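K.L.:
Structure, please.
(2 chains)
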Amino acid sequence: MSFFLSSVARDLRVHIRKPSEVLNPLVFFAVVISLFPLGIGPSPEQLSLVAPGIVWVAALLATLMSMDLLFRSDYEDGSLEQVVLSGQSLVVFTLAKVFAHWLIAGLPLVVLMPVVGLVVFLEVDGIWTLALSLLLVSPTLSLVGSIGAALTVGLPRGGLLVTILILPLYVPVLILATAMVQASVSGSDVTGYIYWLLALLLLALALAPLAAGASLQLSVDE
Amino acid sequence: MLQVKELSCTRDQRPLFSSLSFAVAPGELLQVVGANGSGKSTLLRCLVGLYTGFEGEIDWQLEEAPLYLGHRAGVKASLTVRENVTWLARLRGVLLNPDDIQRSLSSLRLDGYDDVPCSRLSEGQRKRVALAQFLLCPNHCWVMDEPLSAIDNRGLEFLTGRMSEHLDNGGAIILSSHQPVPVDRPVSSVTLG
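P.N.:
I've put the predicted structure just below:
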């Protein structure tokens, strides 16, 4: 536990001192969404129809963008080797890294959501559901993304490969989350969707750090 | 402390070393020598368990993992000297109090740099930050890849002094170096290539 906390503290320090890496995806998220009213036209009927999809795709791409860098600097400066050698649990280390990354890059997406929801004329009910679904889904995206990031950390241009590896795993989450927001806008009950997304989050929480930890071990083996 | 039997390694279809056998006892310093590209770093990585593409047997009779200094020092540029040292020791399960850090930093002539981010340090200073873990952690075996490069004369004197002390305390050191190690203890060597 104390290793988890000191890893989180260390990563938060690193992120706060080099904010550009984690802030770029946030800016990207806001820019992509605010471009849609310009591209599709500002009519509220049209925009609110496609809004959940737009927001989700933007959130997903923003996550993928920042995921690639999750382990990179630790790999390049040799910190990762030291962690592997020390005998500390790589699963705990991965979990700590994902958690710190989510605090800095995932949580702000949720906070930003009401604002960008208004830009694309999402109804107020829809905005709250969207924020709730993003709160449930963004940790899942980060956890699953960490597997791809860990597998490709040793490759010089891993970014595209991470996308190809990870996108198929993101699809179920994307389908459920979009359906949840549409259900809420059309006035139906969303409890079932919440359970599903929670189940996926727990599944990712249990399995993704194991996979990512094993991948990290492989990545330093060279 | 360490027993190596019939160790062979081939990388990119090029045999680096084959049927290498040696042992390291407590209080012993083993120097790995060889030309550039002869596999010194690979051998050390095999020994600590960072590279598994070898055949043969590596048997550590140790409770804890050896300390390792590699080409990539494991020092994070955006963290300060103090934060880096604290983290490296924490990894080995050593919780430091401020006095320990202060003492090790001043013996490495890094005092006054506690709160300076490592990105502002020189190559040699960064190496000394990585060396701090060798002063602070009680691990019995040190594995060091080119520890003497980028270190100035006073640093060299301090480091070799610390090495002799470690050997006298029953520790073991395995290092690669192109220059002779100025330690007045017996040095055995393994030659590659």
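K.L.:
what sits against the closest residue to A:Arg17 other than its chain neighbours?
P.N.:
For A:Arg17, ignoring the flanking residues on the chain, the nearest one in space by C-beta to C-beta, 6 or more residues apart in numbering or on different chains is B:Ser78 at 4.5 Å. Quick note: C-beta positions are derived from backbone N, CA and C, even for glycine. B:Ser78 is in contact with A:13-14, A:17-18, B:117-119, counting by C-beta atoms under 8 Å, 6 or more residues apart in numbering or on different chains.
K.L.:
B:Asp168 and B:Pro26 touch, don't they?
P.N.:
No. Taking contacts as C-beta atoms under 8 Å, B:Asp168 lies outside contact range of B:Pro26: 10.5 Å.
K.L.:
More neighbours: which of the two?
P.N.:
Neighbour totals were compared for B:Asp168 and B:Pro26, and B:Pro26 leads with 14 against 10 (other C-beta atoms under 10 Å in any protein chain shown).
K.L.:
if I look at that one, how far off is chain A?
P.N.:
20 Å (C-beta to the nearest C-beta, to the nearest Å).
K.L.:
what's the helix or strand for that residue?
P.N.:
Using DSSP states H and E, B:Pro26 falls within no helix or strand.
K.L.:
next one: A:Leu198
P.N.:
Judged by DSSP H and E, A:Leu198 forms part of helix A:191-220.
K.L.:
Mind listing what's buried along that helix?
P.N.:
A:193-194, A:196-197, A:200-201, A:204, A:208-209, A:211-217, A:219-220 (16 or more other C-beta atoms under 10 Å in any protein chain shown).
K.L.:
restrict these to those near chain B?
P.N.:
A:Val220 (C-beta under 8 Å from any C-beta of the partner chain).
K.L.:
OK, contacts around the closest residue to chain A within chain B?
P.N.:
Using C-beta to the nearest C-beta, B:Arg72 is the residue of chain B that sits closest to chain A, at 2.8 Å. Contact analysis of B:Arg72 by C-beta under 8 Å, 6+ apart lists A:76-78, A:81.
K.L.:
Following element in sequence after the longest helix seen in chain B, please.
P.N.:
The residue-count maximum for a helix in chain B (DSSP state H) belongs to helix B:153-168. Going down the chain from helix B:153-168, the next helix or strand is strand B:172-176, by DSSP H and E.
K.L.:
How many residues are close by the residue of chain A found nearest chain B?
P.N.:
Taking C-beta to the nearest C-beta, chain B has its nearest neighbour within chain A at A:Gly78, 2.8 Å off. Other residues near A:Gly78 come to 20 when the count uses other C-beta under 10 Å.
K.L.:
My guess is it contacts B:His71. True?
P.N.:
Yes. Shown here, A:Gly78 and B:His71 form a contact pair, counting by C-beta under 8 Å, at 7.5 Å.
K.L.:
rewinding a little: what does the model give the residue of chain A closest to chain B for pLDDT?
P.N.:
At A:Gly78, the model reports a pLDDT of 92.
K.L.:
A:Pro42 too?
P.N.:
A:Pro42 is given a pLDDT of 83.
K.L.:
Please apply the same query to B:Leu156.
P.N.:
The model's pLDDT for B:Leu156 equals 89.
K.L.:
what residue is smack in the middle of chain B?
P.N.:
What sits nearest the mean C-alpha location of chain B, by C-alpha atoms, centre = their mean, is B:Met144, with 2.4 Å.
K.L.:
can you pull out the helices in chain B?
P.N.:
Counting by DSSP H, the helices of chain B are B:40-48, B:81-91, B:98-107, B:123-136, B:153-168.
K.L.:
A:Val153: what secondary structure?
P.N.:
Following DSSP: H, G, I helix; E, B strand; the rest coil, we place A:Val153 in the coil state.
K.L.:
how about A:Val84, phi and psi?
P.N.:
Main-chain dihedrals, A:Val84, degrees, to the nearest 10: phi -60, psi -40.
K.L.:
Check what pLDDT the residue nearest to it when sequence neighbours are not counted gets.
P.N.:
Nearest residue to A:Val84, sequence neighbours excluded (C-beta to C-beta, 6+ apart): A:Val220, at 5.2 Å. Note on A:Val220: pLDDT of 90.
K.L.:
wait, A:Val220 sits on A:Leu80?
P.N.:
Yes. Counting by C-beta under 8 Å, A:Val220 does reach A:Leu80; the two are 5.7 Å apart.
K.L.:
Residue most distant from the centroid, chain A?
P.N.:
Using C-alpha atoms, centre = their mean, the residue of chain A lying farthest from its centre is A:Ser43. It sits 30.0 Å away.
K.L.:
how near is that one to A:Arg17?
P.N.:
A:Ser43 sits 44 Å away from A:Arg17, going by C-beta to C-beta, to the nearest Å.
K.L.:
Contacts for whichever strand or helix holds A:Val31, please.
P.N.:
Following DSSP H and E, one finds A:Val31 within helix A:20-40. Identification of contacts with helix A:20-40 by C-beta under 8 Å, 6+ apart yields A:15, A:46-47, A:50, A:54-55, A:58-59, A:61-63, A:65-66, A:69, A:101, A:104-105, A:108-109, A:112, A:115-116, A:119-120.
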